[in-house]
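In: next one to model:
(one chain, ligands or ions: 2)
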Amino acid sequence: MKQITILGATGSIGASSLDLISQHPSEYSIFAVTANTNVKKMLSICLQYQPHYAVMSDKVSAQQLKVLLNSSLTQVIDGPQGLLEVASHDDVDIVIAAIVGSVGLMPTLAAVRSAKRVLLANKESLVMMGGLFMHEVAQYKAQLIPVDSEHNAIFQCLPEDYASNQTVKGITKILLTGSGGPFRELPLNEFDAVTPQRAITHPNWSMGPKISVDSATMMNKGLELIEACWLFDMDEKNVEIVLHKQSIIHSMVAYNDGSVLAQLGNPDMRTPIANALAWPDRISSGVEPLDLIQISQLNFEAADEQRFPCLKLARDAFKQGGTSMAILNAANEVAVASFLNEEIKFTDIPKLIDNTLQNISSNLASNLDIILEDDRRARQFASQQSKIFGQRVTH
Ligand code: NAD
Ligand code: MG
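Out: Ligands and ions are numbered 1, 2, ... in the order given. Sure thing, here's the model as predicted:
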């Protein structure tokens, strides 16, 4: 029986993971779940799965959960230390890293340092400290398996020993597919008026609000480009973004003999999570079988950097190297939160990120403290910018 910790159990990836685990009760059991402040959702998860630990972000939510749960089966703890504890606990085999944003970094790293199998959904960790992160994965002999659908697809299209031997020859290119989000065809003069409600309505995937906005700006694909470069030791020149509006092919790997391997499936995160949980075996996931006759067409087109300036910002940050990617990520998190709070416009998001990258000098990402300090400086600058942009919106 494998014991699992789900970091971010109340989110969209958390829900898909719980659904999948409940389909295989004799193989997997929930050791711990964590959430920010959603006590109601956490209560129902704890009642159904009876984990050993439930972690809430703050003392108030933890106390509320404790009272409502009134159970000796689940110990309720709180705060960043609680997250580290359940990510690194000796009894845990698998950690699903599904907290959104940079808050997910330290617990994900704790799971890596405890040599767990880490199912990585939290792409922001790799964007912030990719080089160091991969170094720690190797040093601590953790098993890092990507859950992001594109990266899991690439993982499946690589030879099976790729995870242990990253020197596989013959790969010429990664083709990173993306749907293009809800605004793939929106006239450019309508971008200014995009509301948060419209931006979080994705045509093919149901996801949390932050990644939904990232999909609408296509920063999500930019972050995924960086994620792919670190995970698979690729140069950005060899990662091509291909728009594929049906989201049926989840990404591809091209080899030097002309072969291109792709992974296909209905857009449902239970497929990549099932693959990562059971790898190298396979388990059923409850996902509808793919009916290609009914789908009938798969379309592909180039990604337009004028329409989606975040793509170029992310590619440039990777080229620049060092802490640029942590600065990009921090500015994006601030910009997306401000947009969701209706403080800035949709089109301000790339401008705010660009301004932050221009004004905050990057450094060599030689240790975690330097990365966290640049993340802090970038957040501070981006928050000021967001206030300046916001005044312009209200007047
Ligand atoms: P979500 O917003 O639905 O859920 C986020 C989870 O993180 C929740 O459980 C929430 O309680 C927790 N959380 C948020 N802030 C926190 C804080 N300050 N402290 C502790 N916990 C906190 O997000 P999601 O869509 O499930 O995405 C989670 C991660 O997975 C993101 O990094 C995202 O990029 C990645 N991802 C998601 C999908 C998807 O289909 N949803 C696909 C690929 C990758
Ligand atoms: Mg993805």
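In: and the stretch 201-350 of the chain, which residues reach ligand 1?
Out: Trp205, Met207, Gly208, Lys210, Ile211, Met269 (Cβ under 6 Å from any ligand atom). For the C-beta atoms, the positions are set from N, CA and C on the backbone; glycine is no exception.
In: can you name the residues that contact the first one?
Out: To tie it back to what came earlier, the one meant is Trp205. Ser179, Ser215, Ser247, Pro267, Met269 (Cβ atoms under 8 Å, 6 or more residues apart in numbering).
In: tell me where the stretch 201-350 of the chain has helices.
Out: Taking DSSP state H, counting those that start in this stretch, the helices of the stretch 201-350 of the chain run over residues 209-217, 219-232, 270-278, 292-295, 309-320, 324-340, 348-359.
In: just how off-centre is the last one within its chain?
Out: Its chain's C-alpha centre lies 21 Å from the corresponding centre of helix 348-359 when counted by Cα atoms, centre = their mean, to the nearest Å.
In: could you do the first one as well?
Out: Using Cα atoms, centre = their mean, we find the averaged C-alpha position of helix 209-217 to lie 11 Å away from the chain's own average C-alpha position.
In: for that helix, packing partners?
Out: If you count contacts as 3 or more Cβ pairs under 8 Å, 6 or more residues apart in numbering; DSSP states H and E, helix 209-217 packs onto helix 196-199, helix 219-232, helix 324-340, helix 348-359.
In: tabulate those helices (TSV), appending distance to Gly104.
Out: Output for these, formatted as TSV (distance: least, Cβ to Cβ, whole Å):
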stretch	distance to Gly104
helix 196-199	22
helix 219-232	13
helix 324-340	11
helix 348-359	20
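In: for Ile145, which of those is the nearest?
Out: Nearest of those to Ile145, taken as Cβ to Cβ: helix 219-232 at 9.8 Å.
In: for ligand 2, what are the nearby residues on the stretch 1-150 of the chain?
Out: Asp148, Ser149, Glu150 (Cβ under 5 Å from the ion).
In: any idea how far ligand 1 is from the residue of the chain found nearest ligand 2?
Out: The minimum distance from the chain to ligand 2, using Cβ to the ion, falls at Asp148 (4.2 Å). Asp148 sits 4 Å away from ligand 1, taking Cβ to the nearest ligand atom, to the nearest Å as the criterion.
In: excluding chain neighbours, give the residue nearest to that residue in space.
Out: Lys123 (5.6 Å; Cβ to Cβ, 6 or more residues apart in numbering).
In: so where's the protein uncertain?
Out: Scanning the chain for pLDDT under 70 picks out 163-168, 393-395.
In: and the residue of it nearest ligand 1?
Out: Gly11 (1.9 Å; Cβ to the nearest ligand atom).
In: please report phi then psi for that residue.
Out: Here the main-chain torsion angles of Gly11 (degrees, to the nearest 10) amount to phi -90, psi -170.
In: then Ile94?
Out: Per degrees, to the nearest 10, the backbone of Ile94 is at phi -130, psi 130.
In: ok, it - contacts?
Out: Lys2, Gln3, Ile4, Thr5, Tyr28, Lys116, Arg117, Val118, Leu119, Leu277.
In: and if you look at Ile4?
Out: Ser17, Ile21, Tyr28, Ser29, Ile30, Phe31, Val92, Asp93, Ile94, Val95, Ile96.
In: now swap in Met128 and tell me
Out: Ser102, Leu105, Met325, Ala326, Asn329, Ile371, Asp375.
In: the nearest residue to it once chain neighbours are set aside - how many residues pack around it?
Out: Nearest residue to Met128, sequence neighbours excluded (Cβ to Cβ, 6+ apart): Ala326, at 4.4 Å. Counted with other Cβ atoms under 10 Å, residues neighbouring Ala326 total 30.
In: ok, Ala138 next?
Out: Ala138 has 11 neighbouring residues, counting by other Cβ under 10 Å.
In: and it, which of the three is it?
Out: Assigned by DSSP: H, G, I helix; E, B strand; the rest coil, the conformation of Ala138 is helix.
In: let's have the chain start at 401 instead
Out: With the count now opening at 401, the last piece we talked about shows up as Ala538.
In: one step back: now list the buried members of the contacts of Ile494.
Out: Those of those that meet the buried threshold are Gln403, Ile404, Thr405, Tyr428, Lys516, Arg517, Val518, Leu519, Leu677, by 16 or more other Cβ atoms under 10 Å.
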